[in-house]
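S.K.: Give me the fold of what follows.
(one chain, ligands or ions: 2)
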Amino acid sequence: MGFFRRFSFTIVLICVFASLVFLPGHTLAAVTINKVTVTFHGDTTTTKGFTWYTETTSSRSDVQIVQKTGSKPDFTNAINFVGRTALSTNSSVSTGTGYPPNPRENVHKAEATGLKPGTTYFFRVGDAALGAWSEPGTFQTAPLHGAFSFIFLTDTQAKEKDEAILSSQTIAKALTTVPRAQFIVLAGDWVDTGKVETQWDWLYGNALPDNAKASFLQTTLLPAAGNHEKDTNTFMEHFDIVPAAGSPTTTGAYYSTNYRNVHFITLNNNENSAEYADFTPAQIQWLKNDVRAARAAGYDWIIVNMHKGPYTTSNHATDADIIGPNGVRTMVAPLFAELDVDLVFQGHDHIYARSKPLKAGAAVPAKKVTELLNGKSIEYTVSPEGTIYVIPNTAGAKVYYRNKTIDPNYFNLFEVANEHPAAAYGADPADPTRPVRGQIQNFMGITIEGAKLTAVTYEIDQSKNNAQPYIVDQFGIMKKKSSLRR
Ligand SMILES: [Fe+2]
Ligand SMILES: [Fe+2]
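M.R.: Ligands and ions are numbered 1, 2, ... in the order given. Below is the predicted model:
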């Protein structure tokens, strides 16, 4: 009888344990994988970086990947990569009045390395010891040859849950409209307040059922920090990127990324100095060295991604940090032309604008070739001597009128410098200095095929075309074949 009593007791213990582990709501260490992003991390043909958040009960950081051969992943024989875990900075930060306190969370980072170029993989991130995994996602490694496409959008920047849904819908529509896009470049202002973790959760976490979570599981991000992400460590913790060697990363990050024949430079506008508004001399020196090294290495295209750009057409175009004696237009824009930067992606000013090729503050005449694309004509500027600047309005809600205080001659520097189309819908009832929020969003699809860059700008008007994107602008740049070295 003693044996059976002990046996029964053991069975009861096993049942209690099993109920704790397996019954919903009674898991021993319930862990939710949250806020997953995939980023470039070093060599884009072989490596990816991953970031995610969990409760502090998960201390492991595991990524599993398996090559995509069918529609569903089987992680049985997946390759496992182990990363690192830390308590997130926002866990210890007060959000101030009006926002919920930040949760205590671990932030996890890991890299998948040794991947095959031009290949699509399934992945999941989580904690192998706890058996807690994210939903599966996919990513592609950079190809060694051929054309590629990507999306450029900016300023998702939601102040409310509904605005996060709106920004997420823009991202989803962009991925549907540019189905071959291999990544998304975002020029900052991801959220409205970087230290409010809830806002990150609204955009792509588990907080909302129909936000950008699914989109971000299916693409790779090339992020810049906006001024709304300058809070301590906010930018660096949400994205697993490789900052420039020895560079500070508290307010954001500057770094470069090679993808096929393009050298992308991401700048951090959240620095400052007497010499350069929004930058330190160290960042500017790095920029010069980095561009020259990329040209020497034979990259055909240099594209800069920055939040507070020098050539936009709305409120911020006349800010002191742009037009002052040490401002970005005054001090940094001339450098871009000198360094032979082809294209500058900008955010921050929440309006659509596209410049002519600019050098030393003036438009440079250039030969153009006209072709037909999407049933419309498209002009390709041929080997321009200057740098072209573009800002794709916003992917989210907030919009600005065109600048009314600036000398109107300034707009002659632009190919497109229209009043914001949201202005036709009247002023924002809560702020008459701005057009109505939430009406108009934009994004761009860009394809680079050797010496030819083609950019198509899409607009979403919530009252037109069933809120589906339509083309409002398209342009291109062509280089002489002889300049190609890759
Ligand atoms: Fe913004
Ligand atoms: Fe901004």
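S.K.: In a strand, Pro432, correct?
M.R.: Yes: per DSSP: H, G, I helix; E, B strand; the rest coil, Pro432 lies within a strand segment.
S.K.: Next one: it relative to ligand 1, how far apart?
M.R.: Using Cβ to the ion, to the nearest Å, Pro432 is found at 19 Å from ligand 1. For every residue, glycine as well, the C-beta is placed using N, CA and C.
S.K.: can you pull the contacts of the residue of the chain found nearest ligand 2?
M.R.: Nearest residue of the chain to ligand 2, counting by Cβ to the ion: His348, 3.7 Å away. By Cβ atoms under 8 Å, 6 or more residues apart in numbering, the residues touching His348 are 154-155, 187-189, 226-227, 269, 307-309, 312, 316, 391.
S.K.: Kindly recompute the last result at 7 Å.
M.R.: Asp189, Gly226, His307, Lys308, Gly309, His316 (Cβ atoms under 7 Å, 6 or more residues apart in numbering).
S.K.: For the last one, the count of nearby residues, please.
M.R.: Other residues within reach of His316, judged by other Cβ atoms under 10 Å, total 22.
S.K.: for the nearest residue to it once chain neighbours are set aside, what are its contacts?
M.R.: Nearest residue to His316 in three dimensions, chain neighbours excluded: Asp349, at 4.5 Å (Cβ to Cβ, 6 or more residues apart in numbering). Asp349 makes contact with Thr312, Ser314, Asn315, His316, Ala317, Ile391, Tyr400, according to Cβ under 7 Å, 6+ apart.
S.K.: Drop anything exposed from those residues.
M.R.: For the contacts of Asp349, a neighbour count by 16 or more other Cβ atoms under 10 Å gives the buried set as Thr312, Ser314, Asn315, His316, Ala317, Ile391, Tyr400.
S.K.: Mind checking which of those residues are in strands?
M.R.: Ile391 (DSSP state E).
S.K.: any chance of the contacts of Asp349 in CSV, with distance to Asn409 and pLDDT too?
M.R.: Conversion of those to CSV gives the following (distance: Cβ to Cβ, whole Å; pLDDT from 0 to 100):
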residue, distance to Asn409, pLDDT
Thr312, 16, 98
Ser314, 17, 98
Asn315, 19, 96
His316, 19, 98
Ala317, 13, 98
Ile391, 19, 98
Tyr400, 20, 98
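S.K.: Closest one to Val472 out of those, please.
M.R.: Val472 lies nearest to Ile391 out of the contacts of Asp349, by Cβ to Cβ, at 13.4 Å.
S.K.: hmm, back to that, biggest separation within the buried ones among the contacts of Asp349, which pair?
M.R.: Asn315 and Ile391 (12.2 Å).
S.K.: if we can go back for a sec, in a markdown table: the buried ones among the contacts of Asp349, plus distance to Thr176.
M.R.: Output for the buried ones among the contacts of Asp349, formatted as a markdown table (distance: Cβ to Cβ, whole Å):
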| residue | distance to Thr176 |
| --- | --- |
| Thr312 | 28 |
| Ser314 | 28 |
| Asn315 | 31 |
| His316 | 30 |
| Ala317 | 32 |
| Ile391 | 23 |
| Tyr400 | 27 |
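S.K.: Please list which of the buried ones among the contacts of Asp349 are also close to ligand 1.
M.R.: Among the buried ones among the contacts of Asp349, no residue is within reach of ligand 1 (Cβ under 5 Å from the ion).
S.K.: Please report how far the residue lying closest to Gly426 once chain neighbours are set aside lies from ligand 1.
M.R.: Computed as Cβ to Cβ, 6+ apart, the closest residue to Gly426 that is not its neighbour in sequence is Val436, at 5.8 Å. For Val436, the distance to ligand 1 (Cβ to the ion) stands at 17 Å.
S.K.: Which helix or which strand is home to the nearest residue to Gly226 once chain neighbours are set aside?
M.R.: Closest residue to Gly226 apart from its sequence neighbours, by Cβ to Cβ, 6+ apart: Gly188 at 2.7 Å. Gly188 belongs to no helix or strand when assigned by DSSP states H and E.
S.K.: Neighbours of Gly188, how many?
M.R.: 30.
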